[in-house]
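Visitor: just need the structure, nothing else, for what follows:
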Amino acid sequence: MLPKNRGLYFEEFEVGQKIITTGRTITESDVVTFAGLSGDYNQIHTDAEFSAGTPFGRRVAHGLLGLSIASGLAMRTGVLEGTVIAFREINTWKFSNPTFIGDTIHVELLVLETKALPRLGGGSVVIELSVKNQRDETTMKGTWTVLINSRPASA
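Guide: As a prediction, the model looks like this:
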């Protein structure tokens, strides 16, 4: 017997639907690991002395690290688990404020659009994401398109 999907099927997504993720604190280890994985050892992320002289006054977490964690937080909600066909597109994305080591971020998701794609056995869902820190400041935001399976005929 296959495990039951936790995720929502395409038909269960509604324009205006809001989902808020749990929080996650950005750690020193996250930044160091991401630098090693990506090869991005830019001093603004890895050199405390250098970063002290920047407008931020301290090291900043990689923007793409924040984007990656936002993706993971969205998955942790369970709404996409087992029903995603594919992550289709980042339509827009803007980094508006820095994320620092020690910040706790969460993601607020808002369904903007749904479009049935019967030939794929599901549809596309356009989701607006706002990544916010512990002060409720938006650090980055944008829209993604995700392809989602339709509910099976037997379900």
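
Visitor: now the terminal residues of stretch 59-66, how far apart.
Guide: With CA to CA, to the nearest Å as the measure, the ends of stretch 59-66 fall 14 Å from one another.

Visitor: residues of it that come out buried?
Guide: By neighbour count, with 16 or more other CB atoms under 10 Å as the criterion, the buried positions of stretch 59-66 are 59, 60, 61, 62, 63, 65, 66. Every C-beta, even on glycine, is put in place using the N, C-alpha and C of the backbone.

Visitor: likewise for stretch 80-96?
Guide: Across stretch 80-96, burial judged by 16+ other CB under 10 Å covers 80, 83, 84, 85, 93, 95.

Visitor: which of those lies closest to residue 116?
Guide: residue 85 (12.9 Å; CB to CB).

Visitor: wait, residue 98 touches residue 140, no?
Guide: No. Applying CB atoms under 8 Å as the test, residue 98 and residue 140 come out as separate, 9.8 Å apart.

Visitor: pull the residues that contact the longest strand belonging to the chain.
Guide: Taking residue count as the measure and DSSP state E as the definition, the longest strand of the chain comes out as strand 104-117. By CB atoms under 8 Å, 6 or more residues apart in numbering, the surrounding residues in contact with strand 104-117 are 10, 13-26, 66, 69-70, 73-74, 77, 99, 122-134, 139, 143, 147, 150.
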